[in-house]
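Peer 1: What follows is a predicted structure for the sequence shown.
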Amino acid sequence: MGKSFAVVLVVIALLSAIPIITHHWFGTGISFALPEDISTHGHAIDEQLSETMLEAGISFLAAQIVLAVFVWKFSSRAANAEIKTFPGGAKGLVIAALALVGTEMLALGVLGQKAWASVYFTPAKPDALQIQAQAGQFAFYFRYPGADGKFGALHPDKIDEGNSNFFGLDPANDVESRDDIVTGELAIPTNREVHLLMHAKDVGHSFYVRELRIQQDFVPGLDLSVHFTATKPGRYEIVCTQLCGLGHYNMKAYLNVLSPEDFDGWMKQKAAEQ
Amino acid sequence: MSDVSVHTESAVQHHAPPQGFIRKYVFSLDHKVIGLQYYGLALVAVFTGMVLSWLMRIHLVWPNWPIPGLQWLSKVGAPGGVMTPEYYLSLLTMHGTLMVFFVLTNAPFAAFGNYFLPIQIGAEDMAFPRFNMMSFWTTFVAFCILIAAFFVGDGPPISGWTAYAPLSAVGAASGPGEAVGQTLWGLSIFVFCIASLLGSLNFIATTLDLRTKGMTLSRMPICTWAWFITSCIALLAFAVLLPACLLLILDRVAGTSFFVPGGLVISDSLQPHSGGSPLLWQHLFWFFGHPEVYIAILPAIGIVSHILINSMRRPLLSHKVVIYCMMGIGFLSYMVWGHHMFVSGMNPFSSLMFSFPTLVITIPATIMTLIWLGSLYGSRLRITAASLFALGFISMFVSGGVSGFFLAQPSIDIYLHATYFVVGHFHMVMGVAAIFGIFAGTYFWFPKMTGRMMDENLGKIHFWLTFVGTYCIFMPFHYLGLAGNVRRYSAFVDDYLVPLIPVHRFITIAALFTGAAQIIFLYNLVHSRFRGAPAPPNPWECTSLEWTMPSPPPFDNFGGKHPVVYHDPYQYGVKSSTGDYLMQDSPEQAQT
């Protein structure tokens, strides 16, 4: 029975590792690879993930296989077989754990800071494109400041979805809000930093774009922001990752990354529609 | 750890044999009956939670398939047996709450702890038997309040077991289940906290005060240590969740704004709140929530170590190192709660401060794993249903542990947060591993608790199906997470999620099979209770005090005597008149 345990365990460990190593779920064409990174900061996260995958994978396989080998070897011994002590005893193992795992964790911790810092510790550049994102049950809306470069003030009491006043703007009295462009998709130019000013209308939500390697919660009452630079034109999905109510699964928008020329064209077209 | 635990008789709780059915089996003061009551409650909760997970898994992959009978549970939530997206979230909330509070906290800690902690230290009962009875019945009330949420208004809350504000705090406006259901949830957890505080105080007082002659702290079995350390963690953790739940209830029913800021507009209507902070709820909740993970897993670590030592016929390479590791984990568990909040909008510098201790927890966890593996080396391992589950625990603990490497790092968490990777991680390390601990404990202690042996063959079949099944369920969760599959979705409609549905289908089928395999366990439990072979006092040739008495133990445990302890807890691999082991209360000296 101990031997069957060992065999089953090794098979499980190896089978578990295969989809990670190959990124594939066999016979179906389903891929678990991370989608291509389209941000300037994402490669640091991806590298950190690969390093961690390597260390976690080795630890996983080593521990499972050692467990299997020991159960195989020592489960079928005679009742009077001599009890042996692992060479080095507890002291050796504690030192090994401290040295190996300690360094491993320290390395991951220190290296990982760089990737984290690249997203969060540098402020957005002053000339970054400012866009406001609003999350509400169950849609994202985006607002561009328009030709005057200024966002009009928000008046929560003026929010009226029926009349498409999603942000609660007051164009009748507020000049700055008159040229604000409000859209349901996030269009951004390539190679220009975007400073996304995040604002939750009702409950908590989150902004997650896999390809951008960005995830940030919208927290009601808190003005949060993220900044990123996209490098590759295309259409990507923005999904909500913070449980926000019954329509959570269906809360999404598109990120439209355009070349700078196309973006200018898009902007002009939207301004004309306004 | 000096030899100072010699107690006068006055410190020991005496009570007369209970008379009548009610005092014997319902409002019993006997820690053993209370332990079994906790176990029974956990069993009801775990099967309810499991059925809920079945319903959710079926809905995820066959959304339009009517589930027979579901419409009777909720006409609104599942018209014609097909559940609505909001009912999916209701079941998700109830599944998480039942499993975390009423199974993972109750079974390994309250159930086995209640039954065996007093016996293992040579006490006649807990320090405060009446408090003990109260903690169980308070827990029971909490359970009833939670279950009541199924039958009120528009059903159970939809905000998940973490009940993030403002979704959980603003009332019916934010969605179905957020009216009475959410208030009942808050009340249930509030009451549960009271019960847990009473229980942990009792465990601590009992361990410190009621040890019999010779039972020094260092002679306590490893599971007693685990229950003791867990009590200390629980005392601090539930003490924070208790007021947090109270504030949440006040936000909901008394118009306060602890967790709700001003200016929120829900369905075009401005909410009458101002000045609160949603992050405050997250901080308070996770200050409890992370230690809670260790409240679930430490008792399992203790139980599994106890069983492994007995099956290996040798002590661990170091008893003390494992205890220090458990203490280290308990201490660190209070410094890491922010790793649940890396992308929550809290100060990004604090993420690094939370990441570091999280990574450091790997060290005691690795040391423990290496001690288990190192102790297996050169042992005479006996394979039983209990030891198989204990070995399976190690495997699960490792699998669930290594995925923690990823989530401990804020940079990687940007990508993996709120994906199925997290679901796979915590189900393996806190869910399945702890459940394996419960199974191991059940197969091991059932003879003592009932006086009858469980069927070993059925136990082994149960192990194989559960072991392979849980890997089939929870490993693929990690792959889905790497593909960016968001959790808590009641359907996968995003372009990039649709292609992943076949993997979900595989998981659902595995979950149905693995769940069905638990019927073998249930059958074994019930059948052995009445038809099992009579259990001798010490069927596993174990050394600790619970095996010195008849199975099941008499109401006063040691028959009015006070056992005297002469040895460290695990005298295995020695030569003695009993064989290769020496009981803790045997005055005989071992020859090696």
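Peer 2: Noted; the coordinates are in hand. Numbering: from 1, shown residues only, chains lettered A, B, ... in the order given.
Peer 1: Could you check the pLDDT of the closest residue to residue B:45 other than its chain neighbours?
Peer 2: Spatial nearest neighbour of residue B:45, excluding adjacent residues (C-beta to C-beta, 6 or more residues apart in numbering or on different chains): residue B:102 at 3.7 Å. In this view, the C-beta of every residue, glycine as well, is placed from N, C-alpha and C. Residue B:102 is assigned a predicted lDDT (pLDDT) of 97.
Peer 1: shouldn't residue B:282 be in contact with residue B:342?
Peer 2: No. Residue B:282 sits out of contact with residue B:342 when judged by C-beta atoms under 8 Å, with a separation of 11.4 Å.
Peer 1: Just want to know which of these two has more residues nearby.
Peer 2: residue B:342 (29 against 25; other C-beta atoms under 10 Å in any protein chain shown).
Peer 1: Which secondary structure elements does the host helix or strand of residue B:228 sit against?
Peer 2: Using DSSP states H and E, the element containing residue B:228 is helix B:222-253. In terms of contacts (3 or more C-beta pairs under 8 Å, 6 or more residues apart in numbering or on different chains; DSSP states H and E), helix B:222-253 is packed against helix B:112-120, helix B:180-209, helix B:278-312, helix B:319-332.
Peer 1: again, only using 10 Å
Peer 2: In terms of contacts (3 or more C-beta pairs under 10 Å, 6 or more residues apart in numbering or on different chains; DSSP states H and E), helix B:222-253 is packed against helix B:112-120, helix B:180-209, helix B:278-312, helix B:319-332, helix B:433-450.
Peer 1: Redo those as CSV? Include mean pLDDT and distance to residue B:493.
Peer 2: Shown next, in CSV, are those (pLDDT from 0 to 100; distance: least, C-beta to C-beta, whole Å):
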stretch, mean pLDDT, distance to residue B:493
helix B:112-120, 97, 44
helix B:180-209, 97, 26
helix B:278-312, 97, 27
helix B:319-332, 96, 40
helix B:433-450, 97, 32
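Peer 1: which of the ones you listed sits most buried?
Peer 2: Across the helices and strands packed on helix B:222-253, averaging neighbours per residue (mean count of other C-beta atoms under 10 Å in any protein chain shown) puts helix B:112-120 on top, at a mean of 28.
Peer 1: how far is that one from where the chain is centred?
Peer 2: Centre-to-centre, helix B:112-120 and its host chain are 16 Å apart (C-alpha atoms, centre = their mean, to the nearest Å).
Peer 1: wait, which of the helices and strands packed on helix B:222-253 is closest to residue A:184?
Peer 2: Closest to residue A:184 of the helices and strands packed on helix B:222-253 is helix B:278-312 (C-beta to C-beta; 25.0 Å).
Peer 1: Output the below-cut-off pLDDT ranges for chain A.
Peer 2: In the predicted model of chain A, no residue satisfies pLDDT under 70.
Peer 1: at 90 instead, please
Peer 2: Residues of chain A meeting the criterion pLDDT under 90: A:1-2, A:23-29, A:76-84, A:88-89, A:100-123, A:146-149, A:156-157, A:159-164, A:273-274.
Peer 1: all helices for it, in order.
Peer 2: A:2-22, A:42-74, A:89-120, A:260-273 (DSSP state H).
Peer 1: Make JSON lines out of these and add mean neighbour count and distance to chain B.
Peer 2: Output for the helices of chain A, formatted as JSON lines (neighbours: other C-beta atoms under 10 Å in any protein chain shown; distance: least, C-beta to the nearest C-beta, whole Å):
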{"stretch": "helix A:2-22", "mean neighbour count": "17", "distance to chain B": "5"}
{"stretch": "helix A:42-74", "mean neighbour count": "19", "distance to chain B": "4"}
{"stretch": "helix A:89-120", "mean neighbour count": "18", "distance to chain B": "3"}
{"stretch": "helix A:260-273", "mean neighbour count": "13", "distance to chain B": "21"}
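Peer 1: okay if I get those as JSON lines plus distance to residue A:153?
Peer 2: Below are these laid out as JSON lines (distance: least, C-beta to C-beta, whole Å):
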{"stretch": "helix A:2-22", "distance to residue A:153": "50"}
{"stretch": "helix A:42-74", "distance to residue A:153": "34"}
{"stretch": "helix A:89-120", "distance to residue A:153": "28"}
{"stretch": "helix A:260-273", "distance to residue A:153": "20"}
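Peer 1: Indicate which one of those is closest to residue B:325.
Peer 2: For residue B:325, the closest of those is helix A:89-120, at 9.2 Å, according to C-beta to C-beta.
Peer 1: what separates residue B:540 from residue B:385, distance-wise?
Peer 2: 11 Å (C-beta to C-beta, to the nearest Å).
Peer 1: Now the common contact residues for these two.
Peer 2: Here residue B:540 and residue B:385 have B:443, B:444 as joint contacts, going by C-beta atoms under 10 Å, 6 or more residues apart in numbering or on different chains.
Peer 1: which of the two has more neighbours?
Peer 2: Remark: of residue B:540 and residue B:385, residue B:385 carries more neighbours, 25 against 20, as counted by other C-beta under 10 Å.
Peer 1: secondary structure element for the closest residue in space to that one that isn't next to it in sequence?
Peer 2: Of all residues not flanking residue B:385 in the chain, residue B:459 sits nearest, at 2.8 Å (C-beta to C-beta, 6+ apart). Applying DSSP H and E as the criterion places residue B:459 in helix B:456-482.
Peer 1: Spit out the contact partners of residue B:570.
Peer 2: Contacts were defined as C-beta under 10 Å, 6+ apart; by that measure residue B:570 touches B:219, B:221-222, B:305-306, B:309-310, B:312-316, B:319, B:542-544, B:581-582, B:584.
Peer 1: burial count for the residue of the stretch 301-450 of chain B found nearest chain A?
Peer 2: Nearest to chain A, among the residues of the stretch 301-450 of chain B, is residue B:378, at 2.8 Å (C-beta to the nearest C-beta). Applying other C-beta under 10 Å, we find 20 residues neighbouring residue B:378.
Peer 1: Also residue A:203?
Peer 2: Counted by other C-beta under 10 Å, the residues lying close to residue A:203 total 32.
Peer 1: now swap in residue B:272 and tell me
Peer 2: Residues lying near residue B:272 (other C-beta under 10 Å) number 11.
Peer 1: Could I get the contacting residues of it?
Peer 2: B:170, B:255, B:257, B:260, B:262, B:264.
Peer 1: doesn't residue B:274 make contact with the second one?
Peer 2: The one in question is residue B:255. No. Using C-beta atoms under 10 Å as the test, residue B:255 is too far from residue B:274 to be in contact (11.0 Å).
Peer 1: any common contacting residues for residue B:282 and residue B:342?
Peer 2: Common contacts of residue B:282 and residue B:342 (C-beta under 10 Å, 6+ apart): residue A:217.
Peer 1: ok, residue B:490 - contacts?
Peer 2: Shown in contact with residue B:490 (C-beta under 10 Å, 6+ apart): A:246-250, B:56, B:59-60, B:63, B:83-89, B:91-92, B:158.
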